[in-house]
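> what's the 3D shape of this:
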Amino acid sequence: MLISRPVIGPVLDGGPALLRELIPALPDGPCDYFGDHRRPLRARSRGDHLLRVPRLPGSRGAEVLERAAIGAALLARERRRQPVHLFFAPGRLTERVAAGIVATPAPLSSSTSLVARASSGARSLFGVASSMLRGRRRGHDRPAPVLQTLTCAAGLETCAHLLEVLDGVVALSNHTRDRLIHSGVAAERVHRIYPGVEVSGAAAIENPAALQRRRAVLYAGELDAGAADRLIELARTLSEPALRGWKLIVACRPDQIIERDERTRLGRELAGAIGAGRVELYGEVEDMGALQRRCAIQLFVADEVHRRVDLPFVLLEGLREGLALVALDRAPIRELFTTADQRGREVGARVDPTLGPSGMVKAVHELADHPEQLLAMSHDCVGLVRDAFSAARMGADYAALHRDVLRRYS
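Predicted coordinates for the structure are as follows:
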């Protein structure tokens, strides 16, 4: 069972976004996941079982039902022999649920007496509840492995000790892997698997004429004060020679109070540029690919990054579309650049975050002022995704991990 919030709808993040790319890339063999039975991620002939979640209007009710459905599936008698892989951010509640799953024993045979089954069931429920309350327990009663992929690494140090009950923990970057090990999780239990995207439609910007049609800079990250400062400074230079004729497109999901404040500030300070068509400001975008195919450069310039996969899918998708990356030189995003360097590829520019907005503005100007270099980077971006960040590679890595862990139970 691959367990996350339901993989439903065009706009996903965290575990559902990861599973949307991963499940179609896994080798033959059925899997169970929470999804839309009308739109399965793989052909029905693969034998996958889509677990359904009742939907209620209103986010609060939907969230409660999601959690109840996930819990029921994980503890159901008929599924206790199934391997479980959780795709959630770390947290005390999540890890206590994981401890309860690990403590769920195999069901007794139906040939066992009713009294024995009832007694065993009571002990089983008590053990599961005890493990969930304590969060950790010696031993592993479930007759199948339990793993977890950390879909967000924020605050993992506060609950890393609770991961000890798992058969394996997947980190989505070397940076998160190192943090887990430094927090006391045994190195042999931690596995680094980079996220990946489907690359069959990957395409670089092929020639100067195509680049001329894509003279736009895209920002689709989190919108904090630092990001807003840098975007405002960049927008003010759109009339300078290097960026004349270029646009700045900002597409940030409005999911924080601070982002609403910064969005208001952007709208106020860039009203003239927005009115002149030099800046476009969007909220949630259902077809990010269409927006990316209008651009040649993408940015990642927030001071703080929360609630995101270590290497955000929006960046990988941008690289797949041939967008050069200008990003603050911080972990774990710098792994995109170091991985490219190891393969002899140049995919953009890293900016010292201590330089303020001027560092990012200078890097964008230099790229825009050298179209031949930008075209070469576009091809390297596509090559990097194919080499190291493809869904096929991710699927192969997960399949290899699952085989290795299952071998210990055979």
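> measure Ile297 to Ser378 for me?
Counting by CB to CB, to the nearest Å, the separation of Ile297 from Ser378 is 10 Å. Quick note: C-beta positions are derived from backbone N, CA and C, even for glycine.
> hmm, I was thinking of Phe87
Taken as CB to CB, the span from Phe87 to Ser378 is 31 Å.
> give me the phi and psi for Asp32.
The phi and psi values for Asp32, taken as degrees, to the nearest 10, are phi -110, psi 140.
> list residues touching both of Ile297 and Ser378?
Common contacts of Ile297 and Ser378 (CB atoms under 8 Å, 6 or more residues apart in numbering): 323-324.
> now the chain, which segments are flagged as low pLDDT?
Along the chain, the model assigns pLDDT under 70 to residues 54-64, 107-140, 255-258, 307.
> can you show me the strands along it?
2-7, 32-35, 49-51, 84-88, 146-150, 168-171, 190-192, 216-219, 247-251, 279-282, 297-300, 324-328, 348-351 (DSSP state E).
> would you reformat those strands as CSV and include distance to Leu384 and mean neighbour count?
Formatted as CSV, the strands of the chain follow (distance: least, CB to CB, whole Å; neighbours: other CB atoms under 10 Å):
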stretch, distance to Leu384, mean neighbour count
strand 2-7, 26, 24
strand 32-35, 29, 22
strand 49-51, 33, 17
strand 84-88, 24, 24
strand 146-150, 22, 25
strand 168-171, 20, 22
strand 190-192, 17, 18
strand 216-219, 18, 24
strand 247-251, 23, 22
strand 279-282, 27, 18
strand 297-300, 13, 26
strand 324-328, 10, 25
strand 348-351, 10, 22
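> mind checking which of these is nearest Glu198?
The closest of those to Glu198 is strand 2-7. By CB to CB, the value is 14.6 Å.
> just checking: what are the partner strands of that closest one?
Next to strand 2-7 in the sheet, as set by DSSP bridges, lie strand 32-35 (parallel), strand 84-88 (parallel).
> quick one: contacts of the shortest one?
With CB under 8 Å, 6+ apart as the contact definition, strand 32-35 has outside contacts at 1-8, 19, 23, 41, 48-53, 66, 69-70, 73, 79, 82.
> same question, the longest one
With contact meaning CB under 8 Å, 6+ apart, strand 84-88 is reached by 1-4, 14-16, 18-19, 74, 94, 98, 101, 142, 144-151, 402.
> extract the CA atoms of it and return them as CSV.
Extracted C-alpha coordinates of strand 84-88, given in CSV (Å, rounded to 0.1, in the frame of the first residue of the first chain):
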residue,chain,number,x,y,z
VAL,A,84,3.0,-0.2,3.7
HIS,A,85,4.9,2.8,2.4
LEU,A,86,3.8,6.1,3.9
PHE,A,87,4.3,9.4,2.0
PHE,A,88,3.9,12.1,4.7
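> gap between Gly277 and Thr237?
16 Å.
> more crowded one of those two?
The neighbour comparison of Gly277 against Thr237 (other CB atoms under 10 Å) goes to Thr237, with 19 against 8.
> which residues touch the closest residue to Glu335 other than its chain neighbours?
Spatial nearest neighbour of Glu335, chain neighbours left out: Ser173 (5.5 Å); criterion: CB to CB, 6 or more residues apart in numbering. By CB under 8 Å, 6+ apart, the contact set of Ser173 is 153, 192, 194, 310-311, 331-332, 335.
> how near is Ser173 to Arg52?
Note on Ser173: its distance to Arg52, by CB to CB, is 33 Å.
> now do Arg244
Distance from Arg244 to Arg52, counting by CB to CB: 54 Å.
> what do you get for Leu211?
46 Å.
> and those two? Which one has more around it.
Leu211 (18 against 13).
> for that one, what are its contacts?
205, 296, 371, 374-375, 378.
> how about a markdown table for the residues you listed, with distance to Leu323 and neighbour count added?
Output for those, formatted as a markdown table (distance: CB to CB, whole Å; neighbours: other CB atoms under 10 Å):
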| residue | distance to Leu323 | neighbour count |
| --- | --- | --- |
| Ile205 | 8 | 26 |
| Ala296 | 6 | 27 |
| Pro371 | 14 | 16 |
| Leu374 | 10 | 23 |
| Leu375 | 12 | 19 |
| Ser378 | 7 | 25 |
